[in-house]
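K.L.:
just coords:
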Ligand code: HEM
């Protein structure tokens, strides 16, 4: 740490010493539990308890940068980590990433290779080839499929929640994960499953369907990524691991069988366009991608697209329940744009007109970004960055963290109400004789301090997918209904709201940012008058 501190001091930005590396896997898993205890020991206060755990950015917001400046370096025993909260520097870095500087430190994600090599864990020509093969199937045709499937799933989810005890949905976060999995499975494999909620979950029959195998894998991603599918089988004497090992092996087998099935279809020309068919075509016809890479990429697209969108739904539902005026504002737009008798008839071409509804997602991600930050870095060569009027040399082997939480909440970009969840900030209205809704659009930001999907080469290929899915589910659920905090036995309305607010405040980083105990805030769904 002394060596790293000496290097950090020479950069010329404030240095904070953090005595445990954020990359230490044991610390990553235990910090959240250990940290509250450290508050009671004399050395525990100060920087260590403030910055020493995964997800500190959510609690700190932009404050460290307001106190110390747009760039701050954390000196840790393993490496130096520069945290950045300056929009111009962020875009300079992204431009330079295109030219091969400041690449993603793929070794941090190596565990995502469990089912095969994939684009997330490579750089350079290998990444480019895999990105080209996979991202090609995320086009407007597949977004149309995401739209219809999300409407269908959203309606089934609403019906399920309305059937519950007094219309309450205490399994909201779990059910949102099921919905996002079903939409992904549809886009990836072209198969539709009916939504089934947490209460209806059967004890899994054997053999598992690939949707159920994938659900088990994604719900238990941490042990699977750490231990690896093959080792799970070996450790099957440990309670719980046998089921995981089984799901992981079955998933791999399903993917392999699907590869063969689609390879035949590709040859006789009957394949339809979805992720697996286009990957198999790229593999069999064009020899661009190996069988292992096809399976690895199918897993990683599902992994990357699952909890990011599911947690965003959980945040959005709770935020909307706490803000009935925002619900009315969104629902007015939905009812203006979607005026068919049946919500399911809504066509994908309505999507660009649902700007308030999209603003809800943009605003949720601004303050509840599932990743909190994006990590880049230098390797053997130094890098050069400009922070305001200062030019710095980033030493080799340094991590650079784009602090999205700070960037997206800093008053210098977002004003004095920057910490308020206010979707209307995203809407601009042009003058004219047309109805109000037809004159509204999403504002063009002039500061660039908003990159929840990243930017540049490595930006998220699922950005539009996530937007379409979110808007369609809002249409299905909020056109004719509204949601409110459910009251517990003997509880008044204000007490229920306060419990819901405190459940939302109890948010932290697990694999991603999430509400830690969503079951404490059941929601109630009612038809609009
Ligand atoms: C609200 C939802 C989502 C958010 C906030 C999000 C955010 C991100 C971010 C920040 C990155 C990394 C960018 C970088 O390193 O510069 C990323 C990468 C990625 N995302 Fe998403 N994502 C979301 C949904 C999705 C969905 C729905 C899918 C797939 C259907 C997906 C697939 C991927 C993949 C495969 C990568 C790796 C790309 C690469 O390495 O080239 N994401 N996402």
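P.N.:
That came through fine. It should be emphasised that the depicted structure is a prediction, and the values quoted were computed from it without experimental measurement.
K.L.:
so what does the host helix or strand of residue 213 touch, helix or strand wise?
P.N.:
Assigned by DSSP states H and E, residue 213 belongs to helix 210-219. With contacts taken as 3 or more Cβ pairs under 8 Å, 6 or more residues apart in numbering; DSSP states H and E, helix 210-219 sits against helix 172-189, helix 241-268, helix 291-322. Every C-beta, even on glycine, is put in place using the N, C-alpha and C of the backbone.
K.L.:
quick one: the longest one to helix 172-189, angle?
P.N.:
Going by axes from the mean of the first three to the mean of the last three Cα atoms, to 10 degrees, helix 291-322 is angled at 140 degrees with respect to helix 172-189.
K.L.:
what's the angle between helix 291-322 and helix 210-219?
P.N.:
When the same axes, to 10 degrees is applied, the directions of helix 291-322 and helix 210-219 differ by 70 degrees.
K.L.:
Quick check: residue 152 is in a helix.
P.N.:
Yes: counting by DSSP: H, G, I helix; E, B strand; the rest coil, residue 152 is located in a helix.
K.L.:
Count residues in the vicinity of the nearest residue to it once chain neighbours are set aside, would you?
P.N.:
Excluding the flanking residues, the one nearest residue 152 by Cβ to Cβ, 6 or more residues apart in numbering is residue 344, at 6.5 Å. Taking other Cβ atoms under 10 Å as the criterion, the count of residues near residue 344 is 13.
K.L.:
Relative to residue 151, how far out is residue 344?
P.N.:
When Cβ to Cβ, to the nearest Å is the yardstick, residue 344 and residue 151 sit 6 Å from each other.
K.L.:
what residues are up against residue 256?
P.N.:
If a contact means Cβ atoms under 8 Å, 6 or more residues apart in numbering, then residue 256 has 291, 295 as its contacts.
K.L.:
Kindly recompute the last result at 7 Å.
P.N.:
residue 295 (Cβ atoms under 7 Å, 6 or more residues apart in numbering).
K.L.:
so what's residue 354 up against?
P.N.:
By Cβ under 7 Å, 6+ apart, the contact list for residue 354 reads 333, 334, 337, 471.
K.L.:
can you list the weak-confidence ranges in the protein?
P.N.:
Applying pLDDT under 70 to the chain flags the ranges 22-46, 166-169, 198-207, 229, 266-272.
K.L.:
Quick one: the strands in the stretch 51-200 of the chain, in order.
P.N.:
71-75, 80-84, 168-169 (DSSP state E, counting those that start in this stretch).
K.L.:
burial of the closest residue to residue 141 other than its chain neighbours, as a residue count?
P.N.:
In space, residue 141 comes closest to residue 273 once its chain neighbours are excluded; the distance is 6.0 Å by Cβ to Cβ, 6+ apart. By other Cβ under 10 Å, the residues close to residue 273 number 14.
K.L.:
and if you look at residue 505?
P.N.:
Residue 505, neighbours per other Cβ under 10 Å, totals 10.
K.L.:
And the ligand, is stretch 301-308 touching that?
P.N.:
Yes: against the ligand, stretch 301-308 shows contacts by Cβ under 6 Å from any ligand atom at 301, 304, 305, 308.
K.L.:
Residue 340 and residue 350 touch, don't they?
P.N.:
No: Residue 340 is not in contact with residue 350 according to Cβ atoms under 7 Å; the separation is 9.3 Å.
K.L.:
Of these two, which one has the most company?
P.N.:
residue 350 (18 against 11).
K.L.:
pretty sure residue 218 contacts residue 304?
P.N.:
No: Residue 218 lies out of contact with residue 304 (Cβ under 7 Å); the separation is 10.6 Å.
K.L.:
Please spell out which residues along stretch 462-469 are buried.
P.N.:
462, 464, 465, 466, 467, 468, 469 (16 or more other Cβ atoms under 10 Å).
K.L.:
Let's have those in a markdown table, adding distance to residue 77 and secondary structure.
P.N.:
Written out in a markdown table, the entries for the buried residues of stretch 462-469 read as follows (distance: Cβ to Cβ, whole Å; DSSP: H, G, I helix; E, B strand; the rest coil):
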| residue | distance to residue 77 | secondary structure |
| --- | --- | --- |
| 462 | 35 | coil |
| 464 | 41 | helix |
| 465 | 39 | helix |
| 466 | 36 | helix |
| 467 | 40 | helix |
| 468 | 44 | helix |
| 469 | 41 | helix |
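K.L.:
From the centre of this protein, point out the most distant residue.
P.N.:
Distance from the C-alpha centroid of the chain, by Cα atoms, centre = their mean, peaks at residue 433 (39.3 Å).
K.L.:
Perfect, I'm done here.
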